[in-house]
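Peer 1: give the three-dimensional model of this entry:
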Amino acid sequence: MKPNALLATVMLLALTSTRLDAAPAAPPPANPLPRTPMDATADAGAAKATAPRRVLISGHSLTDQPLPDYLAAIAQSQGLPWDWQRQYVVGSSIKDRSAGRPSNPDQAPWNGYRSGLNRSGENLDMLKELRAAGAGPEPYDTLLITEQHSVLGGLVWNDTVRHLRHFHDRFIEANPRGRTWFYESWFGIDDKADPRRWIDYERAASVVWRCVATRINVSLEAEGRADRIQALPAGRALAHLVERATVAPGVEGLSGTSLDTPEARRATVDKLVRDDVHLTPLGLYYVALVTSAALTQAPQAASWAPPEIDAATAAALQREASAFVEQWRKEAAREDLAACRRFVQRDFIRIYWSYLRDKDWIEKQGRLRASLRWLTQSVQWQWRMARDNAANPFWYDAASDKSYWLPPP
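Peer 2: Just a heads-up that it's a prediction; the model follows:
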């Protein structure tokens, strides 16, 4: 065997033996990245936040109905004003909902802003809607926007950073006092009977979602702007609940009397997640409670609950959501881009592509082809994250930054 072929074989054997069977080698802490001088500004801004009055939700199936109705009902039960509009495109990225999909017959620039289902009807022009509301007494004050859950892939294929900034800029142009929340999507659960690997994956992914917001916020600060994008850890919150519900003593109304068997753990997760990613009413209600607590800073105890959820289970979910958000607020993490790049290079590239390989690729393509694909993606991403140019989504250069962003429509 030739030396190069031998080396390739040795590397392949090593890679195929690398699995995320239970957890990363060193599970990332809640905030593995250091705080920066920007933290004080962020914390002060969060303390001044007020409950939303008009909310625009731009997303896909993970923010689809009944989540908007749940949020409105929770706010109403708390005596808070809440009006909402939505832009829903199934399976969409932020790029799809702004620049538009290449397959869309409407080839006008930025036709994605005119796509999707709305609160009533469809294809409402979001740019005109924002401008019209901004010219009146009640502009949209909150943008809740989400990306596809393919984290690393989306950063390149969907150009997440630039399209999120583009949507945020249009929102802020209409209301300079508005707040944008980047709702963190979650990936499919690989094994409901043993969800530990997925839980650790989501905790790591949450760091990268926050880094997306940080990349944009660094530029906003450099431009002297006061607006920021705040990540809302919906996926990490769901992982928190799944862990609590599948480890003794469990969560009232979710966990069975015993969690010692794979069947019992699967039955518990099935109460929250109906397939591998889309939520049941119980799961949706919990995510709505977390979202409401983050946006309004109001306590979730005795909030409205869907009639099909019994009072004891609703109260347990309210406690879990409140505890998660309280801990999240205490963390108040802000990342610097150098730390983001290190985390992605040292940890998340391995975690992300290994999870995809073991969850989907091996079954569909076989171990050999899946491992070769894993190797290709891992090498390409290590190369990309090492570059000091626009190919790296977490690269920032003050001198050329203004030319990096997409032009207004």
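
Peer 1: for the helix or strand containing Gln85, buried residues please.
Peer 2: Applying DSSP states H and E as the criterion places Gln85 in strand 83-88. For strand 83-88, the buried set under the neighbour-count rule, 16 or more other CB atoms under 10 Å, comprises Trp84, Gln85, Arg86, Gln87, Tyr88. All C-beta atoms are positioned from the backbone trio N, CA, C, and that covers glycine.

Peer 1: what helices or strands is the next helix or strand after it leaning on?
Peer 2: Note on strand 83-88: by DSSP H and E, the next helix or strand toward the C-terminus is helix 126-134. Using 3 or more CB pairs under 8 Å, 6 or more residues apart in numbering; DSSP states H and E as the contact criterion, the neighbours of helix 126-134 among helices and strands are strand 54-59, helix 160-174.

Peer 1: ok, and the closest non-adjacent residue to Ala99?
Peer 2: Computed as CB to CB, 6 or more residues apart in numbering, the closest residue to Ala99 that is not its neighbour in sequence is Gly112, at 5.3 Å.

Peer 1: so the one you found sits right up against Pro102, yeah?
Peer 2: No: shown here, Gly112 and Pro102 do not form a contact pair, counting by CB atoms under 8 Å, at 10.6 Å.

Peer 1: who's more crowded, those two?
Peer 2: Taking Gly112 and Pro102 together and counting by other CB atoms under 10 Å, Gly112 has the greater number of neighbours (26 against 8).

Peer 1: what values do phi and psi take at Gly190?
Peer 2: Just to correct that, residue 190 is Asp rather than Gly. With angles defined as degrees, to the nearest 10, Asp190 shows backbone torsions of phi -80, psi -30.

Peer 1: burial count for the nearest residue to it once chain neighbours are set aside?
Peer 2: Spatial nearest neighbour of Asp190, excluding adjacent residues (CB to CB, 6+ apart): Lys359 at 4.1 Å. As a burial measure, the neighbour count of Lys359 was computed by other CB under 10 Å and equals 19.

Peer 1: wait, Lys359 touches Gly188, no?
Peer 2: Yes: Lys359 lies in contact with Gly188 (CB under 8 Å); the separation is 6.9 Å.

Peer 1: burial of Asp194, as a residue count?
Peer 2: When counting by other CB under 10 Å, one arrives at 17 neighbours for Asp194.

Peer 1: pretty sure it sits in a helix.
Peer 2: No: secondary structure of Asp194, determined by DSSP: H, G, I helix; E, B strand; the rest coil: coil, with no helix assignment.

Peer 1: low-confidence regions, the stretch 301-409 of the chain specifically.
Peer 2: 332-335 (pLDDT under 70).

Peer 1: for it, what spans make up the helices?
Peer 2: The residue ranges that make up the helices of the stretch 301-409 of the chain, judged by DSSP state H, counting those that start in this stretch, are 311-331, 337-343, 349-356, 362-365, 367-386, 401-404.

Peer 1: quick one: closest of those to Arg170.
Peer 2: With CB to CB, the closest approach to Arg170 among the helices of the stretch 301-409 of the chain belongs to helix 401-404: 17.1 Å.

Peer 1: from the chain's centroid, how far away is that closest one?
Peer 2: For helix 401-404, the distance between its averaged C-alpha position and the chain's averaged C-alpha position is 25 Å (CA atoms, centre = their mean, to the nearest Å).

Peer 1: that one packs against which elements?
Peer 2: Using 3+ CB pairs under 8 Å, 6+ apart, the elements in contact with helix 401-404 are helix 196-222.

Peer 1: the helix it packs on vs helix 349-356, what angle?
Peer 2: Using axes from the mean of the first three to the mean of the last three CA atoms, to 10 degrees, the direction of helix 196-222 lies 130 degrees away from that of helix 349-356.

Peer 1: give me the distance from the helix or strand that helix 196-222 is followed by to the chain's centre.
Peer 2: Beyond helix 196-222 in the direction of the C-terminus, DSSP H and E gives the next helix or strand as strand 229-232. Centroid displacement of strand 229-232 relative to its chain, using CA atoms, centre = their mean, is 9 Å.

Peer 1: which residues are contacting strand 229-232?
Peer 2: 42, 46, 144, 164, 168, 179-184, 206, 209-210, 212-213, 216-217, 220, 291, 294-295 (CB atoms under 8 Å, 6 or more residues apart in numbering).

Peer 1: which among the residues you listed end up buried?
Peer 2: Burial by neighbour count, judged by 16+ other CB under 10 Å, picks out 42, 144, 164, 168, 179-184, 206, 209-210, 212-213, 216-217, 220, 291, 294-295 from those.

Peer 1: mind listing what Leu144 touches?
Peer 2: Taking CB under 8 Å, 6+ apart as the contact definition, Leu144 lies against Val55, Leu56, Ile57, Ser58, Gly59, Thr63, Trp181, Tyr183, Leu232, Thr291, Leu295.

Peer 1: next, the closest residue to the fifth one other than its chain neighbours: phi, psi?
Peer 2: Taking CB to CB, 6+ apart, and ignoring the residues beside it in sequence, Gly59 has Thr146 as its nearest neighbour in space, at 4.2 Å. The phi/psi pair for Thr146 (degrees, to the nearest 10) reads phi -130, psi 160.

Peer 1: check whether Thr146 really touches Leu67, as I assumed.
Peer 2: No: counting by CB under 8 Å, Leu67 is not a contact partner of Thr146; they are 10.6 Å apart.

Peer 1: gap between Phe182 and Pro68?
Peer 2: Separation of Phe182 from Pro68 (CB to CB, to the nearest Å): 17 Å.

Peer 1: ok, back up a step: what's the angle from the strand holding Gln85 to strand 54-59?
Peer 2: Here strand 83-88 points in a direction 20 degrees away from that of strand 54-59 (the same axes, to 10 degrees).
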